[in-house]
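Enquirer: Can you look at this prediction? I've put the sequence above it.
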Amino acid sequence: MSAYYVIVDVKIDDPDEYKKYMEKAKPISEKFGGEYLVRGGEFNVLEGDYFTPRRLVLVRFPSKEAADGFYNSPEYQEARAIRLPVSDMVMVGVEGFE
C-alpha cells in the first residue's frame, strides 16, 4: 500500500508565534488524513555534509491528493500566513510505502 509523505525542515525565529502556527496546522492536516510521525525530535546526520537540518517534521498522508488538499486548503493558507514571517521552511512531498 502506498502513502505520501511530507518532509519539512524548518528554522524557527520566533517560537511563540510559531507555536500558534503549530496549533492550527496539526488539526488541519488531520482533517486531510495527515498523521505526524516526527515533530522536532532529536536527530543526527549519519552521512554527508550538505544537509544540515534544523528541525524536522514528517507527516504521512493517505495520498498525494490528500497532502495537496491540506496544503492548498484555505485553512492551511491562513496558518501558513502566521508561519511565514517567523520561520524559514523547506517542505517536500514524496511518494512512499506504509
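Expert: Arrived safely. Residues are numbered from 1 along each chain as shown.
Enquirer: in the helix ranked longest in the chain, what's buried?
Expert: Ranked by residue count, the top helix of the chain under DSSP state H comes out as helix 15-31. Across helix 15-31, burial judged by 16 or more other CB atoms under 10 Å covers Tyr18, Tyr21, Met22, Lys24, Ala25, Ile28, Ser29. Every residue, glycine included, has its C-beta placed from N, CA and C.
Enquirer: got the contact list for it?
Expert: Identification of contacts with helix 15-31 by CB atoms under 8 Å, 6 or more residues apart in numbering yields 12, 36, 59, 61, 70, 73, 75-76, 78-80, 82-83, 85-87.
Enquirer: Just give me how far the helix or strand that it is followed by sits from the chain centre.
Expert: Where DSSP states H and E defines the elements, the next helix or strand beyond helix 15-31 is strand 35-39. Distance of strand 35-39 from its chain centroid, counting by CA atoms, centre = their mean, to the nearest Å, is 8 Å.
Enquirer: Adjacent strands (with direction) for strand 35-39?
Expert: strand 56-61 (antiparallel) (DSSP bridges).
Enquirer: Could you list the buried residues of the partner strand?
Expert: For strand 56-61, by 16+ other CB under 10 Å, it's Val57, Val59, Arg60, Phe61.
Enquirer: same deal with stretch 47-54?
Expert: So for stretch 47-54, nothing qualifies as buried (16+ other CB under 10 Å).
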